[in-house]
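> Got a predicted structure here, sequence first:
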Amino acid sequence: MIVVSGSFALGRLYLQQHVKIVEPISNDWDNGFRPAQYPYESRSFVIFICGFNNGAFLEKTLRSVFSQVYDNYRLIYIDDASTDGSFELARDCISQSGYSARAAFFHNEQRIGLLANLVRTTQVCKDYEIVVILRDQDWLAHEWVLERLNQYYADPDLWLTYGQYKEFPSYRTGNARNYTQSERKMIRQAPLISNHLPTFYSALFKHIKENDLLFQEAYFPESGELAVLLPMMEMAQDHFQFVSETLSIFNQKAFGFENRDIQVRCERYIRSLKSYLPITDLKLEQDEETGKNREAGV
């Protein structure tokens, strides 16, 4: 059972007292997006978790989601054919959390991988919804994460973010950073530093060509985040932002590749694909709750 309690209750002054924006060094390319103190709108977030045999840290992951003070979000949790009882544990945790009304829970009979599940998720998302990829054995760093992201997305020119993280169990600050100016010119060949709590408009994801997500006629079994982040960052160009504040906890105890050879082959193939051209505006469909036509970056 999940109990949302004091472990995440950091107080309303958390952002002012504990969050520090680290200014980029001169060689970094910073698009200059900064959080708005009083956002005019509450953006819609969809937290996506693809779980597989993640029972050891499952409750911690879900507790970090349901502890968010920000209210305009929903959770899509997909159990990808777990064999260790994680499916049953996730089902019970969500149903007993008190937040089941904002959660959609699915179970795959056969494992299809993170990327295939992510594609299915974005297909049911509205264009104006912001997808948050949370790894199944990581967790959000504090209860203000979505609140902070909403402050960044107050700028309609922002389409994608990724954030700083801390490593577990050492709690050392991670190596996420801005891309350098030279890396920005060849982002498909640059190190992947944008894969910790990436967020993006569903509309941006839908611009990725289906064939660019396939390897041997199936969705990439490894390197799924790379396959979607590279084209989205190429398309977004000046419309993405590195958030230097710690947004997530990266669980090194659970991290690893099941098949390193397949992972290397997938990554090489992804990086060999043709780069995407930047898009000048991102059309967002009508928000059914407000009735407004929403656009980004016009």
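Happy to help now that I have it.
> Would you map the strands across this protein?
Taking DSSP state E as the test, the strands found in the chain are 45-51, 73-79, 103-107, 130-133, 139-140, 160-168, 199-201, 214-215, 218-219, 240-251, 282-284, 294-296.
> what would those strands look like in CSV with mean pLDDT, mean neighbour count and distance to residue 207?
(C-beta placed from N, C-alpha, C; glycine too.) As requested, those are exported to CSV (pLDDT from 0 to 100; neighbours: other CB atoms under 10 Å; distance: least, CB to CB, whole Å):
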stretch, mean pLDDT, mean neighbour count, distance to residue 207
strand 45-51, 98, 24, 17
strand 73-79, 98, 22, 20
strand 103-107, 96, 16, 24
strand 130-133, 98, 24, 13
strand 139-140, 98, 24, 27
strand 160-168, 97, 21, 12
strand 199-201, 98, 27, 10
strand 214-215, 96, 16, 16
strand 218-219, 97, 16, 17
strand 240-251, 97, 23, 14
strand 282-284, 92, 20, 8
strand 294-296, 57, 18, 12
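> Who are the contact partners of the most centrally placed residue in the chain?
Closest to where the C-alpha atoms of the chain average out (CA atoms, centre = their mean) is residue 133, at 2.8 Å. Counting by CB atoms under 8 Å, 6 or more residues apart in numbering, residue 133 touches 48, 118, 197-199, 225.
> rerun at 10 Å
Each residue near residue 133 by CB atoms under 10 Å, 6 or more residues apart in numbering is listed here: 46-50, 114, 118, 121, 162, 195-200, 224-225, 228-229, 248.
> cool, residue 270 as well?
188, 192, 212-213, 215, 220, 222-224, 226-231.
> measure it to residue 119 for me?
Remark: distance between residue 270 and residue 119 (CB to CB, to the nearest Å) = 15 Å.
> coming back round to it: in helices, which of the contacts of residue 270 appear?
224, 226-231 (DSSP state H).
> Tabulate the residues you listed in JSON lines, adding columns for pLDDT, distance to residue 181 and neighbour count.
Shown next, in JSON lines, are the ones in helices among the contacts of residue 270 (pLDDT from 0 to 100; distance: CB to CB, whole Å; neighbours: other CB atoms under 10 Å):
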{"residue": "224", "pLDDT": "95", "distance to residue 181": "28", "neighbour count": "23"}
{"residue": "226", "pLDDT": "96", "distance to residue 181": "21", "neighbour count": "20"}
{"residue": "227", "pLDDT": "98", "distance to residue 181": "25", "neighbour count": "24"}
{"residue": "228", "pLDDT": "98", "distance to residue 181": "24", "neighbour count": "27"}
{"residue": "229", "pLDDT": "97", "distance to residue 181": "19", "neighbour count": "23"}
{"residue": "230", "pLDDT": "97", "distance to residue 181": "18", "neighbour count": "24"}
{"residue": "231", "pLDDT": "98", "distance to residue 181": "21", "neighbour count": "24"}
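> Tabulate those residues (a markdown table), appending distance to residue 127.
Shown next, in a markdown table, are the ones in helices among the contacts of residue 270 (distance: CB to CB, whole Å):
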| residue | distance to residue 127 |
| --- | --- |
| 224 | 21 |
| 226 | 23 |
| 227 | 21 |
| 228 | 16 |
| 229 | 19 |
| 230 | 21 |
| 231 | 17 |
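> out of those, who's nearest residue 129?
residue 228 (15.6 Å; CB to CB).
> which regions of the chain lie under the pLDDT threshold?
Flagging of the chain using pLDDT under 70 yields the residue ranges 1-28, 256-258, 286-298.
> in it, which spans are helices?
14-18, 58-66, 86-95, 114-123, 145-152, 181-185, 202-205, 224-236, 260-272.
> Quick check: which of these is nearest to residue 167?
Taking CB to CB, helix 58-66 is the member of the helices of the chain nearest to residue 167, at 15.0 Å.
> what packs against that closest one?
Secondary-structure packing of helix 58-66 (3 or more CB pairs under 10 Å, 6 or more residues apart in numbering; DSSP states H and E): strand 45-51, strand 73-79, helix 86-95, strand 103-107, strand 139-140, helix 145-152, strand 240-251.
> swap the cut-off to 6 Å and go again
helix 86-95, strand 139-140 (3 or more CB pairs under 6 Å, 6 or more residues apart in numbering; DSSP states H and E).
> hey, which of those is tucked in deepest?
For the helices and strands packed on helix 58-66, the largest average neighbour count (mean count of other CB atoms under 10 Å) is found in strand 139-140, namely a mean of 24.
> Tell me the spacing between the closest residue to residue 51 other than its chain neighbours and residue 215.
The shortest distance from residue 51 to any non-neighbouring residue, by CB to CB, 6 or more residues apart in numbering, is to residue 136 (4.2 Å). Counting by CB to CB, the gap between residue 136 and residue 215 amounts to 22 Å.
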